[in-house]
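S.K.: please find the sequence and the predicted model below.
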Amino acid sequence: MIIKVKEEDFVSNCSSLSQRCFEPLITIYKRRMSEETNIDVKEHFYEELTEGQRALFMFYVYYSHISESLIEFYWWSAYFMAQSKKWAALKTCFKYFHDEPFLLLLEKIEQELKHYNHPTTLENFSITRDELIQNKELHASFESLYVIFENIYPATMEKINNFIEKNLQEFILIEN
């Protein structure tokens, strides 16, 4: 699903390029979700995307939630991991953008969540945000993971923006 953008509407600013390519995707996604309640809509939408758009979509869906706070970082990571397709797609996203540090962070997150017996399916998913507050060891481990996240995400954003700039045709089509 290549998004067409008029040349005069597109200003190539590398620092916000990924966001500019993501916004039309999330707008289409939200519109479709509001029109249709069928679960297949999500999968059909995702299948329509190019490989690059899938990677970008997964990155921003995850990033927009986890970047809010330590508690959101914890809860959304647990929620994503409980959905094997989403978790695998997230890992694929960072492989696609050649972001080894973020991929390693996901591996560490997964190890910690499994160490604390977090569910790997939504069937038994009853994780609450309060669990992070109530378990001091879990809190300490996720606090250190969140510090890693805060340290690496600027480089991740730069990698993604640079990648898109070099592979624009995978994300949008600029029309005259």
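M.R.: Structure's in. What do you need?
S.K.: and stretch 121-138, end to end?
M.R.: One end of stretch 121-138 sits 20 Å from the other (CA to CA, to the nearest Å).
S.K.: check stretch 31-51 too.
M.R.: OK, stretch 31-51 end separation, CA to CA: 21 Å.
S.K.: for it, buried residues please.
M.R.: 45-46, 49 (16 or more other CB atoms under 10 Å). Any C-beta I mention is one placed from the backbone N, CA and C, and that applies to glycine too.
S.K.: from those residues, which is closest to residue 20?
M.R.: residue 49 (16.0 Å; CB to CB).
S.K.: for residue 29, see how far away that closest one is.
M.R.: With distances taken as CB to CB, to the nearest Å, residue 49 is found 10 Å from residue 29.
S.K.: any chance of CSV for the buried residues of stretch 31-51, columns secondary structure, distance to residue 120 and pLDDT?
M.R.: Converted to CSV, the buried residues of stretch 31-51 look like this (DSSP: H, G, I helix; E, B strand; the rest coil; distance: CB to CB, whole Å; pLDDT from 0 to 100):
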residue, secondary structure, distance to residue 120, pLDDT
45, helix, 24, 83
46, helix, 21, 85
49, coil, 25, 91
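S.K.: ok, these vs residue 24, which is closest?
M.R.: Nearest to residue 24 among the buried residues of stretch 31-51, with distances taken as CB to CB, is residue 49, at 11.4 Å.
S.K.: residues contacting residue 118?
M.R.: Each residue near residue 118 by CB atoms under 8 Å, 6 or more residues apart in numbering is listed here: 78, 81-82, 127.
S.K.: just the helices from this structure, written as ranges.
M.R.: Counting by DSSP state H, the chain has helices at residues 17-35, 40-48, 51-66, 70-81, 84-96, 100-115, 130-134, 136-166.
S.K.: what's the average pLDDT for the shortest one?
M.R.: By that I understand helix 130-134. For helix 130-134, mean pLDDT is 93.
S.K.: contact partners of it?
M.R.: With CB under 8 Å, 6+ apart, helix 130-134 has contacts from 70-71, 74-75, 138-139, 142.
S.K.: can you check the pLDDT for residue 175?
M.R.: At residue 175, the pLDDT recorded in the model is 69.
S.K.: residue 18 too?
M.R.: Looking at residue 18, the pLDDT reads 89.
S.K.: could you measure from the nearest residue to residue 108 once chain neighbours are set aside over to residue 78?
M.R.: Sequence neighbours aside, residue 145 is the residue nearest to residue 108 in space, at 6.0 Å (criterion: CB to CB, 6 or more residues apart in numbering). Counting by CB to CB, the gap from residue 145 to residue 78 is 12 Å.
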